[in-house]
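Trainee: Dropping the sequence and predicted coords here.
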Amino acid sequence: MTNHRAGVRGERGFAIGPILMVITLIAVVGLFMSAGSSTLSASITTDRTAPNLSSQADLIRAKILECWSATQGVATAGYPVGVGVAVGALNCPGDPAGSQNLWTGARPTILPLPPQGFGAWSYSNDASGIRIQIAPVDSAHAANSAIQQAIQKSISRYSSVEGTVDSATQTVTVWIHH
């Protein structure tokens, strides 16, 4: 009976060793994975932000052109007016009173939130032309290499006449032409 108990004790002690070995291996693998996660997260940020910037710019341009097109023949027709106006507050001048907001008015559409790390889109219609712009929320985000890569990737789909980037502030400008 004593031998049987000794055997059981030996088996219990023997099982703890492999369990500790597995836990150690998992910890080492986790350490290596976390060391490479900054590169992975930068890649994910770039891959997610670039298409968001492009699709939002295209949607905003389409809504502004829709305003211009839908109101032709109306005395107050044309493009929204203003300089540095928040895109969410744009009004279509040829639409009926109370239905002029580009996003909630006569032809409602949901304006998506700006990508993470960016401020709101702004609109300007002045002697320089009609354009929309978006910029990182601060200089730390503007200096972030993943955000800079996303900006370059998103702007590369436009010609130099359609889209530009201010290299100092990383402000993206997309021009509206009809």
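Mentor: Right, received. Where do you want to start? Numbering: from 1, shown residues only.

Trainee: Next up, the contacts around the spatially most central residue of the chain.
Mentor: By CA atoms, centre = their mean, the chain has its centre lying nearest to residue 115, at 2.5 Å. Contacts for residue 115 (CB atoms under 8 Å, 6 or more residues apart in numbering) come out as 48-49, 52-53, 56, 150. Bear in mind the C-beta positions are built from the backbone N, C-alpha and C, glycine included.

Trainee: Can you select the buried ones from these in ChimeraX?
Mentor: Isolation of the buried members of the contacts of residue 115 (16 or more other CB atoms under 10 Å) is achieved in ChimeraX through the command below:
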select :49,52,53,56,150
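
Trainee: on that earlier part again, next one: the residue nearest to the centre of the chain from residue 54, what distance?
Mentor: The spacing between residue 115 and residue 54, counted by CB to CB, to the nearest Å, is 10 Å.

Trainee: what about the residue lying closest to residue 63 once chain neighbours are set aside, neighbour count?
Mentor: For residue 63, the nearest residue in space outside its immediate sequence neighbours is residue 102; the separation is 5.2 Å by CB to CB, 6 or more residues apart in numbering. When neighbours are defined as other CB atoms under 10 Å, residue 102 has 24 of them.

Trainee: can you tell me how far residue 102 sits from residue 61?
Mentor: If you go by CB to CB, the gap between residue 102 and residue 61 works out to 11 Å.

Trainee: likewise residue 79?
Mentor: Counting by CB to CB - residue 79 and residue 61 are separated by 11 Å.

Trainee: Give me the common contacts of those two.
Mentor: Residues touching both residue 79 and residue 61 comprise residue 176, with contact defined as CB under 8 Å, 6+ apart.

Trainee: Can you tell me the SS state at residue 84?
Mentor: What DSSP: H, G, I helix; E, B strand; the rest coil gives for residue 84 is strand.
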